[in-house]
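>>> Quick one: sequence and predicted model below, then my questions.
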Amino acid sequence: MNISKLHVVKPFDPWRSPLCTCPVKWVVHPYTGCSHGCLYCYATSYIPRHSIVRPKTNFLSRLAKDIPKLPRGALIELSSSSDPYPPVESRYCLTRNALRLLLTNGFRVLIVTKGSVVLRDIDLLTSYRDRVAVSITITTPSDRIASLIEPGAPPSSERLRVVERLAHSGVNVVVRLDPVIPYINDDYEELRRLVKMVSNAGAKQITTSTLKARADSIKRLCIAFPHIKDRLLELYSKDMSEYIHGYRYLRRGIRFYYMKMLKELVEEEGLVFGTCREGFPYLNTPGFSCDGSTFTLEG
């Protein structure tokens, strides 16, 4: 396949990271930019005016041209560097129409979002539940902390209600508990509480990772949390951290501590566990993809 001839569908490529354990998949972004304003966002470092959401020009007609060129039954992710359900989706309906196009043409779809607008499309999601999984990012059980690190996103409590509504309707739901940021959302009891809440809401899997820092994201976090600035900068300094494919990672031992702790909490609840680009694939629940896309294979 000549991927240069594709218009809006692209192969998923997480910076060619050797730590990525995702299955082969494709990614579609109906919008450029994101209104969530997450302090830890990596996409702000390479997408100009990232905080301003812009619908892709002629997106649906270009998607329709791409569909015949894709492998039959391929996995399509919506989306990786922008949320497919920003508030403006209520007006433009690009994601809803893209979903309809993809699902009626036999594709599997993994939705990654923080947006509660996804509930509007519960009719489509339930109609094709065997080929759909929805991944909701929830980083903390605290609405207060969420308002600081994800100021434009719905509160954590609202996202938990989205998980519950979707799961109650029979939709496969995964929760992304990431990133775990030292001194901000890494408290053991708070993580345990969040895992329990996610389990009670009906999610089937939790995928997690630590903060993979870039210069702009660390700067934003230090400004928002000046009381931990020195400790955070030390952990992500050249001497203390690892530089892997353009990101500053916590030291391997620290990453393992967080991942092992969360694995134990998640498995206590009987849920599937996954890590994202951490270097510990053996911690993932055997037989399940790290991104939750295994649940799109139920048809």
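Happy to help now that I have it.

>>> L99 - nearest residue in space that isn't next to it in sequence?
In space, and not counting its chain neighbours, L99 is closest to L124: 5.3 Å by CB to CB, 6 or more residues apart in numbering. Glycine gets a C-beta too; all of them are placed from N, C-alpha and C.

>>> which SSE is the one you found in?
According to DSSP states H and E, L124 maps onto helix 122-127.

>>> In the stretch 51-200 of the chain, what residue spans correspond to strands?
Taking DSSP state E, counting those that start in this stretch as the test, the strands found in the stretch 51-200 of the chain are 54-55, 75-78, 108-113, 132-137, 172-180.

>>> Low-confidence ranges, this protein, go.
Low-confidence segments of the chain (pLDDT under 70): 1-4, 14-16, 299.

>>> now the farthest one out in it, which residue is it?
D239 (29.2 Å; CA atoms, centre = their mean).

>>> I244 touches T210, doesn't it?
No. Between I244 and T210 there is no contact under CB atoms under 8 Å: 11.6 Å.

>>> CA atoms of the helix holding L124 as PDB?
Output of helix 122-127 as PDB, limited to C-alpha atoms (Å, rounded to 0.1, in the frame of the first residue of the first chain):
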ATOM      1  CA  ILE A 122     -24.000   5.900  22.300                       C
ATOM      2  CA  ASP A 123     -26.500   4.700  19.700                       C
ATOM      3  CA  LEU A 124     -23.600   4.000  17.200                       C
ATOM      4  CA  LEU A 125     -21.400   2.600  19.900                       C
ATOM      5  CA  THR A 126     -24.000   0.100  21.100                       C
ATOM      6  CA  SER A 127     -25.000  -0.900  17.600                       C
END
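
>>> who's in contact with it?
Helix 122-127 is contacted by residues 96, 99-100, 103, 118, 132, 134, 165-166, 169-171 when judged by CB atoms under 8 Å, 6 or more residues apart in numbering.

>>> hang on, the earlier thing: what about the residue farthest from the centre of the chain, which helix or strand?
Counting by DSSP H and E, D239 is found in no helix or strand.
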